[in-house]
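> need coordinates for the below:
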Amino acid sequence: DAFFGGPLPNGGVPYLRNNQNFGTLELDYELTPELALTSTTAYYKAHSSSLFGRAAQSAPFLAVTNRFRRRSFTQELRVNSDYSGPLNFTLGAFYEDGMLYDRVRFYRNTSFGFINPNILRDDRATTFHIKTYSLFGQLRYRLTPQLELAGRVRWNDETRRESVFNFQNNTDITPTLPRPRIHSSNFSPEATVTYTPTDDMTIFASAKKGYKSGSFKVAVPAVAGENNAFGDEKVKGYEIGLKSRLLDRSLLLNLAFYDYYYRGLQVGGIVPADNGTPVIRTVNAGKARTYGVDLDLAYNPPSVDGLRLN
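The predicted structure follows:
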């Protein structure tokens, strides 16, 4: 340990230790025979610590410790209708309050004299807070007993704030960051047509738009003046498929074709090192497309009791 500038945790033996606590509470209340209110409350808390390197043959000149904490509280309320008429709906709201803390420290093995003593020495921590508000709703209308149209939209408003502290120099570098706060507000619509010609077959088609939140990279905390943020990832596309029970319900067959286009795709990469410390970045790439076919089958041969092929 003396070669690394002092005692390392766990006696210098590489390790990973995780501790998680989480729980959910769901409450269902019947407002009227046709209206149901559901409340879902969730809490999540995680602590993690680790040591990598030192004795590892792949990196005997370097040791890295990590201290990670995460906390999240969410609350969702939704009202769902079940009227006998053709029109029904779902309305809801969602709230999240979250925090993430990640401290990364690099130790240089001084016994390797060829390594510049000014590199591979770092100790920084990233903290960011998350606030999310969301409203969503869906309308479902049966044109006939077999044909239903559904339209859904979700509005999401999210703010993330970042702070970075340099323990090596005992300096708060947050004021130097170009974007210590990011905010996004968007709508995610969806439309679906569902046709059920029989009790054993459903055909559907849907078009939708969605997004994945932007954030700050935390694998290696930001240095002074670094733009540590990346933006939202957005997607739009469609699916067409069917769900069926065939051959006197001994064969279950589900088939779907999907096609999605992404903008601002979030990808990770390693950029040139800063003072010898690896810099792992997340950036918004240009565009991407993913399309394909999903097929799953389940067959219960009537002549062989208890046999199922998937």
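
> show me where pLDDT drops low in the protein?
Scanning the chain for pLDDT under 70 picks out the ranges 1-6, 54-61, 110-121, 272-278.

> go again with 80.
1-8, 11-12, 53-62, 107-122, 219, 270-280 (pLDDT under 80).

> show me the beta-bridge partners of the one residue sitting closest to the centre of it.
Nearest residue to the geometric centre of the chain (C-alpha atoms, centre = their mean): Lys212, 7.5 Å. With DSSP bridges as the criterion, the beta-bridge partners of Lys212 are Glu233.

> who's in contact with it?
Asp232, Glu233, Val235, Gln266 (C-beta atoms under 8 Å, 6 or more residues apart in numbering). For the C-beta atoms, the positions are set from N, CA and C on the backbone; glycine is no exception.

> grab the two from those residues that are most spread out in space.
Greatest spacing in the contacts of Lys212, by C-beta to C-beta: Val235 and Gln266 (11.1 Å).

> which SSE is the residue nearest to Ser81 when sequence neighbours are not counted in?
Distances taken as C-beta to C-beta, 6 or more residues apart in numbering place Asn88 nearest to Ser81, at 4.6 Å, with adjacent residues excluded. Asn88 is part of strand 87-108 when elements are defined by DSSP states H and E.

> strands paired with the helix or strand just after that strand, and their directions?
Next along the chain after strand 87-108, taking DSSP H and E as the criterion, comes strand 122-142. The strands beside strand 122-142 in its sheet (DSSP bridges) come out as strand 87-108 (antiparallel), strand 147-166 (antiparallel).

> now these in CSV, with distance to Ser50?
Shown next, in CSV, are the strands paired with strand 122-142 (distance: least, C-beta to C-beta, whole Å):
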stretch, distance to Ser50
strand 87-108, 10
strand 147-166, 20
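
> can I get those strands in JSON lines including distance to Ile280 and mean neighbour count?
Putting the strands paired with strand 122-142 into JSON lines (distance: least, C-beta to C-beta, whole Å; neighbours: other C-beta atoms under 10 Å) gives the following:
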{"stretch": "strand 87-108", "distance to Ile280": "10", "mean neighbour count": "17"}
{"stretch": "strand 147-166", "distance to Ile280": "15", "mean neighbour count": "17"}
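
> can you say which of the ones you listed is nearest to Thr192?
Using C-beta to C-beta and comparing the strands paired with strand 122-142, the one that lies nearest Thr192 is strand 147-166, at 4.5 Å.
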